[in-house]
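> structural data only, the sequence is not supplied:
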């Protein structure tokens, strides 16, 4: 994606609707979670939307995007407003789950968060061991869509049964 400058070690996520509207979610080099849309197989992209901006997110990790169809998509990520480098082993930011949703093909996005922090002291510290620790503290995660098109992110035991 031409405008993206992915954060080192961050893995972007992509999902497509039935008519090939492509949603691309990633953590930019500045640590901000971004999502962009292409309606022509990646030839051109929308201006990236900083999904953490409404909450002042300075660091994000574990971005996942999923399309319910061409008009509906969700972008989930862990984020913290703490402005510090997450590659240091002493980073102790408080991490929350954020979810940005679009119901109009990515023209507008609404970001919400859960009230409780993610219970991971080492979440997203940048090292492979800490990333593994962050992933396992959530008992491994998944992002799926239920039979009426809602995005579900969390432990596989939290997700609805397949439709």
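Happy to help now that I have it. Remember, it's a predicted structure, so these values are computed and weren't measured experimentally.
> please enumerate the helices of the chain.
Taking DSSP state H as the criterion, the chain contains helices spanning 128-137.
> so where's it shaky on pLDDT?
For the chain, the stretches with pLDDT under 70 are 1-10, 84-92, 119-142, 149-163.
> can we see that at 90?
Along the chain, the parts satisfying pLDDT under 90 run over 1-13, 18-20, 28-31, 41-42, 59-64, 68-70, 77-97, 114-163.
> show me the strands in it, by range?
Counting by DSSP state E, the chain has strands at residues 13-16, 22-27, 33-38, 49-50, 59-67, 73-80, 96-102, 110-113, 142-145, 151-154.
> can you redo those strands as JSON lines with mean neighbour count?
Where you see a C-beta, it was placed from the backbone N, CA and C, and this is true even at glycine. What follows is the strands of the chain, written out as JSON lines (neighbours: other CB atoms under 10 Å):
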{"stretch": "strand 13-16", "mean neighbour count": "18"}
{"stretch": "strand 22-27", "mean neighbour count": "26"}
{"stretch": "strand 33-38", "mean neighbour count": "24"}
{"stretch": "strand 49-50", "mean neighbour count": "20"}
{"stretch": "strand 59-67", "mean neighbour count": "25"}
{"stretch": "strand 73-80", "mean neighbour count": "28"}
{"stretch": "strand 96-102", "mean neighbour count": "21"}
{"stretch": "strand 110-113", "mean neighbour count": "14"}
{"stretch": "strand 142-145", "mean neighbour count": "17"}
{"stretch": "strand 151-154", "mean neighbour count": "20"}
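> thought residue 58 was touching residue 83?
Yes. When contacts are counted by CB atoms under 8 Å, residue 58 is listed as touching residue 83 (4.3 Å).
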